[in-house]
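Chemist: sequence and predicted structure are below.
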Amino acid sequence: MKTKPADASTLMPLFRHLIAEGATPLLVGGCVRDQLLHRQVKDLDVVIFGLNHARLREALDPFGQVLFYGKSFPIYQIRGLAVEFSLPRINSGDKTAMLLEEAVAIDARGRDFTVNALYRHPLTQQLMDPLSGLADLQARRLRMTTPSCLQEDPLRVYRAYQLISRLGFTIEPETMKAMKSIATSHLPRERIMEELDKWLLAEDPLKGWEAMLATHRLPVPRAPASFEPLFPVTGWRHLIPAVLAAALPLRHAISDSRLLMWAALMAPMLAAECLPPAEAVKRREILVQWFQSLSRHHDRTNQLNRLFLALSHFSHLSHRQPDVVRLCRLTDSSLLEALLHALQPLWHSKHHQREMKAALRRFQKWRPEVLPKPCLSGSDLKELDYPADSTMGTWLAVAYEMQLEGVEKEAILQFFSCWKKSQNELQ
C-alpha cells in the first residue's frame with residue numbers, strides 16, 4: 001500500500017473534524033520524540049481520547065477507506081496515509097469519567113519508554129509529559145515507563161537495542177537490569193527480525209551490540225548438541241564491532257544494505273577460525289538455517305547463502321579472470337566486494353591483510369560490468385541432435401564453462417559435434 005509522507009500540517013481538516021466529533025487527538029510516540037530531536041518524522045501515531053471504537057471509525061470514514069488491525073490494541077489507518085490512529089491504553093472496564101490529564105497518564109504507563117510517552121496537541125502544539133520523558137530525551141536516556149512494561153511486551157527489549165542505535169542514547173541502569181531478566185524465547189521470530197533489521201540499519205549499531213552483550217542476548221543461533229561449541233566466543237565476538245563499523249560507510253553504495261549488514265554480522269562467525277572443510281560447511285548451513293527461521297524469507301536467505309559460498313571460495317577463485325566471472329555469477333559482485341572490504345579487520349587478525357588486498361585488486365580489475373551471455377543455446381544443440389530433455393541444461397552449463405575459459409563458439413560446437421558422433425558410434 002502506497003502512503004503519503006506523514007505531515008501533521010496537511011491533516012488539520014481531519015484533526016478539526018475529530019475535535020468536532022468530541023475527540024481529543026494527540027500526537028504520541030516516535031513522531032513527537034523525533035520532532036523534538038529535529039529528526040525526520042516518517043509516520044504519525046495519534047491517540048484519540050473521548051471516542052469509542054465505533055465512533056472513531058465513523059469519524060474517520062469520510063476521509064477514505066478505513067483499515068483496521070490488531071487485537072490487544074486495535075489500530076486504524078486511512079488507506080494511503082502514513083498515520084495510525086488508536087484509542088488510549090485504558091482498561092475498557094473502567095467506566096469512571098476522568099480528566100484528560102489522568103487518561104493521558106494511564107495511557108503513558110502502558111507504553112514502552114518515557115521518550116515515547118510524550119504527547120502533543122496537533123492544533124495548539126501543547127506538549128504533555130506525564131512521565132518526565134522530556135528530561136530523558138534531553139539526557140539522551142532510554143528509560144522504561146513502568147517496572148512491568150518490559151514483562152508485558154518482551155519485544156520491547158529488542159526495541160531498546162534499535163532505539164539506542166538510532167538515537168545515540170544510553171539505557172538507564174534500572175531498565176538495563178530489567179532487560180537482563182526478561183525471557184524472549186517465546187516471541188515470534190519475525191517480530192524479532194523487524195527490530196534487528198532496524199538495529200543493523202541504524203546510525204550506530206555498535207551501541208545496540210554493546211547493550212546485547214551487557215544483557216546476554218546476542219543475535220546468534222544456539223549450537224545443537226551434536227556440534228558443540230558451534231561459535232567459540234574467542235574466535236569471533238571481539239571482531240564484530242570492527243566489522244560492523246567498517247560496513248557502515250559502505251551501506252549507501254549497496255542496493256541491499258540490509259543484507260550487507262547481516263552478512264557483516266554473521267561472516268566473522270564463519271571465517272574467524274581456520275576450520276576443516278566439513279566443519280566449515282556445517283557451520284555455514286546452521287547459520288543460514290538460523291537466518292531462514294528468523295527472517296521467514298526464502299529469497300533473502302538464498303542470497304545470503306550464495307554470498308557466503310562466494311566468500312568461502314574467494315581466496316582460490318580470485319587468481320584468474322574466468323574464476324572471477326564465476327564468483328560474479330554466484331552472487332551480487334558489488335555486495336561481495338563491500339563485504340570483503342568490511343571484513344578487513346578479520347583479515348588483519350588472521351595476518352591475511354596483504355593477500356586479501358591483492359585478491360581484491362584482482363577482483364576489481366577482472367569483475368565484468370555485465371556478465372557474458374551464453375554463446376550457445378538449446379537450439380544450437382538440437383541441430384546437433386541433442387535431445388531436449390533434462391540433460392540439455394547440463395550440456396549448456398558445460399558449454400558456458402568452456403566459454404568462460406576463452407573457447408570460441410565454433411570450437412565449442414565442434415566439441416559437441418564430435419562428442420555426439422562418438423556416442424552414436426558407440427551405440
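Modeler: Sure, I can see it.

Chemist: tell me the contacts of the closest residue to A271 other than its chain neighbours?
Modeler: Once flanking residues are discounted, A271 sits nearest to L346: 6.0 Å by Cβ to Cβ, 6 or more residues apart in numbering. For the C-beta atoms, the positions are set from N, CA and C on the backbone; glycine is no exception. Contact analysis of L346 by Cβ atoms under 8 Å, 6 or more residues apart in numbering lists 239, 243, 267-268, 271-272.

Chemist: return the helix or strand in the protein with minimum mean pLDDT.
Modeler: The weakest-scoring helix or strand in the chain, judged by mean pLDDT, DSSP states H and E, is helix 233-236 (a mean of 64).

Chemist: next SSE after it?
Modeler: Remark: after helix 233-236, the chain's next helix or strand is helix 240-247, criterion DSSP states H and E.

Chemist: and that next one, what's its mean pLDDT?
Modeler: Helix 240-247 shows a mean pLDDT of 95.

Chemist: residues touching A108, list them.
Modeler: 114, 117, 119, 130-131, 133, 145.

Chemist: tell me which element L123 is part of?
Modeler: Assigned by DSSP H and E, L123 belongs to no helix or strand.

Chemist: confidence score at it?
Modeler: Note on L123: pLDDT of 95.

Chemist: surely it touches H17?
Modeler: No - L123 lies out of contact with H17 (Cβ atoms under 8 Å); the separation is 11.8 Å.

Chemist: re earlier: JSON lines please, covering the contacts of L346 and showing distance to Q151.
Modeler: Below are those laid out as JSON lines (distance: Cβ to Cβ, whole Å):
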{"residue": "L239", "distance to Q151": "34"}
{"residue": "V243", "distance to Q151": "34"}
{"residue": "A267", "distance to Q151": "35"}
{"residue": "P268", "distance to Q151": "33"}
{"residue": "A271", "distance to Q151": "39"}
{"residue": "A272", "distance to Q151": "36"}
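
Chemist: I75 is in contact with E84, correct?
Modeler: Yes - checked against Cβ under 8 Å, the pair E84 and I75 is within contact range at 5.1 Å.

Chemist: which of those two has more residues huddled nearby?
Modeler: Neighbour tally, E84 and I75, criterion other Cβ atoms under 10 Å: the higher count belongs to E84, 21 against 13.

Chemist: so that one sits in a strand?
Modeler: Yes - using DSSP: H, G, I helix; E, B strand; the rest coil, the assignment for E84 is a strand.

Chemist: still on that earlier bit, list the buried residues of the helix or strand the residue nearest to A271 falls within.
Modeler: Using DSSP H and E, L346 falls within helix 344-349. Going by neighbour count (16 or more other Cβ atoms under 10 Å), the buried part of helix 344-349 is 344-347.

Chemist: please report how far L26 lies from V104.
Modeler: 7 Å (Cβ to Cβ, to the nearest Å).

Chemist: could I get the contacts of L346 as JSON lines with distance to R166 and neighbour count?
Modeler: Shown next, in JSON lines, are those (distance: Cβ to Cβ, whole Å; neighbours: other Cβ atoms under 10 Å):
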{"residue": "L239", "distance to R166": "24", "neighbour count": "20"}
{"residue": "V243", "distance to R166": "20", "neighbour count": "23"}
{"residue": "A267", "distance to R166": "23", "neighbour count": "26"}
{"residue": "P268", "distance to R166": "23", "neighbour count": "24"}
{"residue": "A271", "distance to R166": "29", "neighbour count": "24"}
{"residue": "A272", "distance to R166": "28", "neighbour count": "22"}
